[in-house]
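> can you look at this prediction? I've put the sequence above it.
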Amino acid sequence: MKNNRGALEISFGWLFAIIAGIVVIFLAIYLSSKLIGNQQESISAETGTEIESLLNPLETSFESSQTTSITIPTETRINNKCNTIGEFGEQLIQLDQKSFNKWVETDVNVNFHNKYLFSNSEITGKKFYIFSKSFNFPFKVADLIYIIPATDRYCFVNAPSKIIKELSELNQSNLILEDCEDGDIKVCFGTSKCDINVDFTSNFVKKNNTKLYFTDDEDSMNLMYAAIFSDKAVYECQVKRLMMRTGKISSLYLNKEIVIHEKGCEDNLGGDLGTLSELAENLNGSIELESVKISADNIKIKNSARTECPLW
Amino acid sequence: MSFMVNKIFPENCKAQMKIQQMVFMIIAITILFVLVGLFFLSISFSNLKKTATNLAEESSKLLVSKLANSPEFSCGNAFGTISQSNCIDFDKIIGLKEEIESYSDFWGVAKIEIRKIYPNGSRLCNEANYPDCEILKILDKDVKTLSYSSNFVSLCRKESDGKIIYNKCELALLMVASGDKT
């Protein structure tokens, strides 16, 4: 050793301290990165749950629509997911937030069964406009909630007067009725050269070469709006969920008819409600909506004729 | 030989002492880090639990204010030509109680209960004694719950005196409690 003067002499103590130091520092970095990851997941879950709570007041009673907006402090990507598992299907939202200009993806899903969110599968932004509309088929089934990022501008061209009135009342700055600009998503009625085209003769919305079928009353165009603001996967899934709930509520009215019949009310809707329940629960896609609507319309007429004991 | 052993032993002993010192030091530092980490984690988890509880309570408060207007509960136009807000259709929800299995996770709460304000009794409603009862437990999960949130509602039903059918509405309290998941 004494002859080897060029060699670096490190005592055992130093060597041990260096190795131990590296291990401690590595552990500290590993644990802090894990902690930050967990923190991100908890923030995503928390924000998701807060969004769910914020959606509760959007439930309509006698009013036809409600509008609000949410602003999230950081750039957020809302993943709108839906499935038809179980009795009512599930609405899931999963949030990814930007941190140091990079998306931090989490796999935390916030799920709820009594909400129907219509939007594209992925929407990004800090501010989101939300409005809700009551969906009746023929009785009230649910409130449809539409979420649009404030940065997405929808320009409605040649819209019927009823739609112009409804959109004006919503007073959302990203729903434009005149003077379309480049970059706007153009929604056309009657013509077919826009990003989104609405056809009232066959009742469908055409976008990205896919057709989303809707069926609405003259006084409410709620599924049409849903088709405009959603992509195919979300729309079809939510329509299926809505029909699942229609089936369940039909059964409730069927029970109610039996209860009030004992008090002297007529019972002329039982068979029709059973048919509606079956048709609605077996719906395979929006293309079949029209056939269920015939049954719903029939029930609506019969219920309106019941002056003393309407079911709803 | 014995001279060599004597010379080496004190140096070895010194080195061993140093290593032991170092090991103890590192163990102490690691324990300190772990303790600080645990302290930090416990604070962050207790905050998380508090946030979860607050969110659940807030959610049930918001839900109770709107639940009466949801399709399974609401009167719609059944008791008059103008839709009533915060009106629950008693004839409809007695059927809901029978189908509650399907709805057990639907509203994301553990308990939903309706209590008539007057007459103030404790008879639980079922199909047999309906409508002569005071408490209707629509959803009653056997779980630990947070405190109840409540809202006043009209509880309406059809009644008949044998000749005419009329609407009867009573004042009631709609109560909702979320499950305590902490």
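That came in fine, so what should we check first? Since the model is a prediction, treat every value here as computed from it, not as a measurement.

> doesn't B:Tyr166 lie inside a strand?
Yes - counting by DSSP: H, G, I helix; E, B strand; the rest coil, B:Tyr166 falls inside a strand.

> so who does residue 137 touch?
The chain I'm using is chain A. Listed by Cβ atoms under 8 Å, 6 or more residues apart in numbering or on different chains, the contact set of A:Phe137 reads A:Leu242, A:Thr246, A:Ala280, A:Val292, A:Lys293, A:Ala296. All C-beta spots, glycine's among them, are computed from the backbone N, C-alpha and C.

> meant chain B actually
Each residue near B:Lys137 by Cβ under 8 Å, 6+ apart is listed here: B:Lys97, B:Lys111, B:Ile112, B:Glu113, B:Leu124, B:Cys125.

> buried sites along stretch A:207-221?
Of all the residues in stretch A:207-221, those buried under the rule 16 or more other Cβ atoms under 10 Å in any protein chain shown are A:Lys207, A:Lys211, A:Leu212, A:Tyr213, A:Phe214, A:Thr215, A:Asp216, A:Ser220, A:Met221.

> next: stretch A:117-133.
By 16+ other Cβ under 10 Å, the buried positions in stretch A:117-133 come out as A:117-120, A:123-125, A:128-133.

> which ones among those lie within strands?
Using DSSP state E, the subset of these located in strands is A:Leu117, A:Phe118, A:Ile123, A:Thr124, A:Gly125, A:Phe128, A:Tyr129, A:Ile130, A:Phe131, A:Ser132, A:Lys133.

> which non-adjacent residue is nearest A:Phe88?
In this structure, A:Phe88 finds its nearest non-sequential neighbour in A:His113, 4.8 Å apart by Cβ to Cβ, 6 or more residues apart in numbering or on different chains.

> show me what contacts that neighbour?
Applying Cβ under 8 Å, 6+ apart, one finds that A:His113 lies in contact with A:Gly86, A:Phe88, A:Gly89, A:Glu90, A:Gln91, B:Asp105, B:Phe106, B:Trp107, B:Gly108.

> just the ones in strands from those, please.
In this view, these that belong to strands under DSSP E are A:Glu90, A:Gln91.

> what subset of the contacts of A:His113 is buried?
Buried among the contacts of A:His113 by 16+ other Cβ under 10 Å: A:Phe88, A:Gly89, A:Glu90, A:Gln91, B:Asp105, B:Phe106, B:Trp107, B:Gly108.

> the spatially most central residue of chain A pairs with what?
Centroid-nearest residue in chain A, with Cα atoms, centre = their mean: A:Leu117, separated by 1.7 Å. Taking DSSP bridges as the rule, A:Leu117 bridges to A:Ile145.

> nearest residue to whichever residue of chain B sits closest to chain A in space, please, no chain neighbours.
Taking Cβ to the nearest Cβ, chain A has its nearest neighbour within chain B at B:Gly95, 3.0 Å off. Once flanking residues are discounted, B:Gly95 sits nearest to A:Asn255: 3.0 Å by Cβ to Cβ, 6+ apart.

> the host helix or strand of that neighbour - contacts with which helices or strands?
Per DSSP states H and E, A:Asn255 falls inside helix A:232-261. Secondary-structure packing of helix A:232-261 (3 or more Cβ pairs under 8 Å, 6 or more residues apart in numbering or on different chains; DSSP states H and E): strand A:65-83, strand A:116-118, strand A:140-149, strand A:210-213, helix A:222-229, helix A:270-281, helix A:289-305, helix B:90-98.

> kindly recompute the last result at 6 Å.
Contacts defined by 3 or more Cβ pairs under 6 Å, 6 or more residues apart in numbering or on different chains; DSSP states H and E place helix A:232-261 against strand A:65-83, strand A:140-149, helix A:270-281, helix B:90-98.

> can you tell me the closest non-neighbouring residue to residue 157?
I'll assume chain A. A:Cys188 (4.6 Å).

> looking at chain B here, not the other one
In space, B:Arg157 is closest to B:Phe90, 3.9 Å off (Cβ to Cβ, 6+ apart).

> ok, the residue nearest to the centre of chain A - contacts?
Contacts for A:Leu117 (Cβ atoms under 6 Å, 6 or more residues apart in numbering or on different chains) come out as A:Asn80, A:Gln91, A:Ile145, A:Ile147.

> contacts only, for A:Gly89.
A:Gly89 neighbours (Cβ under 6 Å, 6+ apart): A:Asn83, A:Arg241, A:Met244.

> let's see that with 8 Å instead.
Each residue near A:Gly89 by Cβ under 8 Å, 6+ apart is listed here: A:Cys82, A:Asn83, A:His113, A:Cys237, A:Lys240, A:Arg241, A:Met244.

> quick one: it from chain B, how far?
The gap separating A:Gly89 from chain B is 11 Å, by Cβ to the nearest Cβ, to the nearest Å.

> ok, A:Ser65 next?
Taking Cβ to the nearest Cβ, one finds A:Ser65 at 14 Å from chain B.

> who's that residue bridged to?
Counting by DSSP bridges, the residues bridging with A:Ser65 are A:Lys133.

> what does the one 5 residues further on give?
Bridge pairing for A:Ile70 (DSSP bridges) gives the partners A:Phe128.

> quick check: it touching A:Lys126?
No - using Cβ atoms under 8 Å, A:Ile70 is not in contact with A:Lys126, being 9.4 Å away.

> hang on, the earlier thing: list just the nearest of the contacts of A:Leu117 to chain B.
Distance to chain B, by Cβ to the nearest Cβ, is smallest for A:Gln91 among these, at 11.0 Å.
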